[in-house]
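Novice: dropping the sequence and predicted coords here.
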Amino acid sequence: MPHATASWLVDNTALSFEQIAAFCGLHILEVQAIADDTAATKLTGRDPVRAGELTLAEIEKGQKDPKYRLAIQKGPEQARRTKGPRYTPVSKRQDKPDGIAWIIRNHPEVSDGQISKLIGTTRTTIAAIRDRTHWNIANITPKDPVTLGLCSQRELDALVAKAAKAAGLEAPVDSRLEGDREALIEQLRHEREAASHAGEAPQSEAEALFRQPGFVDPFKH
């Protein structure tokens, strides 16, 4: 607010118009208009000292030396949040219980502390959902937190992998087709043996399956 700051400096200091213009980034004629009350609108002054932009010592230096140019003070750095739950937009906060319930149901190895950081909630809420004592438990439906926009897929995958490693769990291996594969290999072996005796190569279902693109023949070395 350069004009409001200039108005305050004109009314409360003995700084020259040139000094005020240089500090506020205005033209000297604009400062002159503010001082003469010829500006289009009467401005309400803004105190740069209270705003942390100037100090009284800096103003005194400028009043003693008209050629001195005021230096703006570096304002205090805003405290950055490093701990605690992440911020979630108000529009998505009502979806948090659903996302928490989904993680509890599908990834029980994830701790309450990890869920708290991922979703941005308290451990008390998580415990209430886990124990089914939450005040709105009847309306909570487990939903993927990624779909709800509460976290990214990468964040969720990293969290689940970390929790599984800490719990000593290994990635599940799908062994449902192992028996079928062995049976097909055995069937193919018998058919090839029969074909070699008969001097022909029959095209059975197993043979057709093993001739599909990308299949590695187990008999070839």
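Specialist: Now that the structure is in, tell me what you want to look at.
Novice: pLDDT below threshold where in this structure?
Specialist: For the chain, the stretches flagged by pLDDT under 70 are 38-43, 74-92, 169-185, 196-221.
Novice: can you give me the helices in the chain?
Specialist: With helices called from DSSP state H, the chain shows them at 2-12, 17-24, 28-35, 56-64, 96-106, 112-115, 123-130, 153-166, 178-198, 205-210.
Novice: residues in contact with the shortest one?
Specialist: Applying CB atoms under 8 Å, 6 or more residues apart in numbering, the contact partners of helix 112-115 are 100, 103-104, 121, 123, 126-127, 130, 159, 162-163. C-beta here means a position set from N, CA and C on the backbone, and glycine is covered the same way.
Novice: buried stuff in that helix?
Specialist: 112, 114-115 (16 or more other CB atoms under 10 Å).
Novice: can you redo those residues as JSON lines with distance to residue 72?
Specialist: Formatted as JSON lines, the buried residues of helix 112-115 follow (distance: CB to CB, whole Å):
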{"residue": "112", "distance to residue 72": "47"}
{"residue": "114", "distance to residue 72": "44"}
{"residue": "115", "distance to residue 72": "45"}
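Novice: closest to residue 67 out of these?
Specialist: When the buried residues of helix 112-115 are ranked by distance to residue 67 (CB to CB), residue 114 comes first, at 61.3 Å.
Novice: thinking again about what came up before, who wins for neighbours among the contacts of helix 112-115?
Specialist: Highest neighbour count within the contacts of helix 112-115: residue 100, with 27 neighbours (other CB atoms under 10 Å).
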